[in-house]
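> take this sequence and fold it.
(one chain, ligands or ions: 1)
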Amino acid sequence: SKKAKIWRNGSTNELEECHQLLGELETHQDAWPFLQPVNLKTVPGYKKIVKKPMDFSTIREKIINKQYSSGEGFKDDVNLVFDNCERFNEDNSEIGKAGHIMRTFFDKRWTELLKR
Ligand SMILES: Cc1ncccc1N[C@@H](C)c1cnc2ccsc2c1
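The predicted structure is shown next:
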């Protein structure tokens, strides 16, 4: 059978690890642009430019509703948040800068999570 991935704390419950990491993302000081879905009615162009909107509250709902079968699906949605941010926002804008900071933070914690 597929070898169980052993996570940082020895748990094989990777979705619990993802839930904990989501909490760290949500409480990060630079998380504010990503906490709720972008309002497609009030942000001009967003609906057309960003094909698959994603945000931390939607990811939380998906964890709670067991819509992720593995940590990979969680990781892909978190990266979608940051990819959408780069697509729509200038790198040197307030939101663009927050996205780069949050992506760097996530990448570091994700790597730590995958180490024994
Ligand atoms: C992540 C993102 N990308 C593009 C546009 C918006 C957003 N975030 C929303 C919450 C948002 C919506 N409105 C404002 C107004 C000032 S910052 C901010 C942030």
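> up against the ligand, what does this structure have?
Listed as neighbours of the ligand in the chain under the rule CB under 6 Å from any ligand atom: Pro33, Phe34, Gln36, Val38, Val43, Cys85, Phe88, Asn89, Ile95. For the C-beta atoms, the positions are set from N, CA and C on the backbone; glycine is no exception.
> could you rerun that using 5 Å?
On the criterion CB under 5 Å from any ligand atom, the ligand has as its neighbours in the chain the residues Pro33, Val38, Val43, Phe88.
> what about the third one, neighbour count?
A count of nearby residues for Val43, using other CB atoms under 10 Å, gives 12.
> and what of the first one?
Other residues within reach of Pro33, judged by other CB under 10 Å, total 20.
> quick check: it touching Gly99?
Yes. The pair Pro33 / Gly99 is scored as a contact, 7.2 Å apart, by CB atoms under 8 Å.
> mutual contacts of those two, please.
Where contact means CB atoms under 8 Å, 6 or more residues apart in numbering, the residues bridging Pro33 and Gly99 through contact with each are Cys85.
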